[in-house]
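**Student:** Fold the stuff below for me.
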Amino acid sequence: MTRTTLLWVVWAAAWAGLAAWSAVSPAALARLRPPAGDWRPSWLKPRPDASPPNSRWLLGGLAGVALVVGLWDLGAPSLLLGGAAVPVVAIFLGRLERGRDQDHDALLRVQLPGALDLMAACLEAGLPLRRATAVVGDLSPGATAGLLKRVSQGIAVGLSDAEAWLTLADDPTAGPIARDVARAANWGTTVSALLTDHAHELRQAGEAEAKTKARAVGVRTVLPLSLCYLPAFFLLGLAPMLATGALSLLG
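**Tutor:** Numbers count the residues shown, from 1 in each chain. Modelled structure (predicted):
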């Protein structure tokens, strides 16, 4: 084995070791870190439903090693490209939205307004917040029922109303609602009006999204309709003219 080959093997092993360390880093180190605010811009922050950080960085490290090995003949640039591939892959996997999650969010945007109105009615009728949450959770369809039952399960294991609602704080659709409800529960303010306002906002957002999609239908159908009309235009318009010209030349 030549010295150059040994150097490349050492670099590839280093990248693999870095990926393995990120996958099995001790939890004690995380506990020793001082708490700090999240300074990252939004495009760097992973989605709440993203895969765990260790898995993303492990896949990023494997991608970097594969790139270094695949571009072995380039020399030093392969190391730079492999090193750049690690954070790029990790960030991409953190921002990737799965189709199942898109369907779940779409269902929540449709189902939540009715559930919030029903909870507001229960609260105005005199039910406490936790009881209203449990009742509406039993009556709601799948996506909304799953969220409300998470809150009820948190209350059942000893969490306060605010703490139980904060378990939904990372949800992209219900997160703002959960944080507002938790804040109102801590302060002792009225929750029913808050739920009604959020239901109204969700309905308005849904209507705006539906109008935007309806306007985009015309633009998106231009190319398919053009492709459908193109054969007919060729056969009925250009083909007879070309045939007439060809017969004139031959005749």
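
**Student:** how close does residue 186 sit to residue 129?
**Tutor:** Separation of residue 186 from residue 129 (CB to CB, to the nearest Å) stands at 12 Å. Where C-beta positions appear, they are placed from N, C-alpha and C, glycine not excepted.

**Student:** more neighbours, those two?
**Tutor:** Each of residue 186 and residue 129 has its neighbours counted (other CB atoms under 10 Å); residue 129 has more, 22 against 14.

**Student:** how many neighbours does the nearest residue to the more buried one once chain neighbours are set aside have?
**Tutor:** Spatially, and ignoring its direct neighbours in sequence, residue 129 is nearest to residue 161 (5.2 Å; CB to CB, 6 or more residues apart in numbering). Here the count is done by other CB under 10 Å, and residue 161 has 20 residues near it.

**Student:** again with the one 10 residues further on
**Tutor:** By other CB under 10 Å, the residues close to residue 171 number 18.

**Student:** Three-state assignment for it, please.
**Tutor:** coil (DSSP: H, G, I helix; E, B strand; the rest coil).

**Student:** quick one: it from residue 209, how far?
**Tutor:** 18 Å.

**Student:** Also residue 120?
**Tutor:** In this view, residue 120 and residue 209 are 23 Å apart by CB to CB.

**Student:** before we move on, the earlier item: which pLDDT value belongs to the residue nearest to residue 129?
**Tutor:** Here, the pLDDT recorded for residue 161 equals 92.

**Student:** contacting residues for it?
**Tutor:** 129-130, 155, 181-182, 185 (CB atoms under 8 Å, 6 or more residues apart in numbering).

**Student:** From residue 226, how far out is it?
**Tutor:** Applying CB to CB, the value for residue 161 to residue 226 is 57 Å.

**Student:** quick one: which of residue 120 and residue 209 has more around it?
**Tutor:** residue 120 (22 against 12).

**Student:** I appreciate the help and will end here.
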